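Trainee: Structural data only, the sequence is not supplied:
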């Protein structure tokens, strides 16, 4: 199964700056007690609206419980 991580080529909230590469798919996992966030490619920055930030916090909290 391929996760298809990285850029999707979509801009669901519009392009917010010249360095905005658009939507990004990523995965989180725990390997040997280490929390891994895999962006699928090099990433300079990510932008999250309030709901996305809250979802990321919840997701990371759940992964921390697995450690």
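Mentor: Looks like it arrived, so ask away. Just so it is clear, the structure is predicted and the values come from calculations on it, not from any experiment.

Trainee: how close does the spatially most central residue of the chain sit to residue 67?
Mentor: The centroid of the chain falls nearest to residue 26 when counting by Cα atoms, centre = their mean (4.1 Å). Distance, residue 26 to residue 67, using Cβ to Cβ, to the nearest Å: 18 Å. Placement of C-beta: from N, CA and C, glycine included.

Trainee: can you count the residues close to the closest residue to residue 40 other than its chain neighbours?
Mentor: Spatial nearest neighbour of residue 40, chain neighbours left out: residue 5 (2.6 Å); criterion: Cβ to Cβ, 6 or more residues apart in numbering. Counted by other Cβ atoms under 10 Å, the residues lying close to residue 5 total 14.

Trainee: if I pick residue 5, what's in contact with it?
Mentor: Listed by Cβ atoms under 8 Å, 6 or more residues apart in numbering, the contact set of residue 5 reads 25-27, 38-41.

Trainee: Please tabulate those in TSV, including the columns pLDDT.
Mentor: Below are the contacts of residue 5 laid out as TSV (pLDDT from 0 to 100):
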residue	pLDDT
25	91
26	91
27	91
38	93
39	92
40	91
41	91
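
Trainee: Of those, grab the buried ones for ChimeraX.
Mentor: To isolate the buried members of those in ChimeraX, using 16 or more other Cβ atoms under 10 Å:
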select :26
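
Trainee: Greatest separation within the contacts of residue 5: which pair is it?
Mentor: The two members of the contacts of residue 5 with the most space between them (Cβ to Cβ) are 27 and 41, at 12.4 Å.

Trainee: Among the contacts of residue 5, which are located in helices?
Mentor: Assigned to helices by DSSP state H, none of the contacts of residue 5 qualify.

Trainee: Put together CSV for the contacts of residue 5, with distance to residue 19 on each row.
Mentor: Shown next, in CSV, are the contacts of residue 5 (distance: Cβ to Cβ, whole Å):
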residue, distance to residue 19
25, 18
26, 18
27, 23
38, 21
39, 15
40, 18
41, 14
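
Trainee: And residue 11, how far from residue 31?
Mentor: Using Cβ to Cβ, residue 11 is found at 32 Å from residue 31.

Trainee: all strands of this protein, in order?
Mentor: Taking DSSP state E, the strands of the chain run over residues 6-7, 24-25, 27-31, 34-38.

Trainee: Lovely, talk soon.
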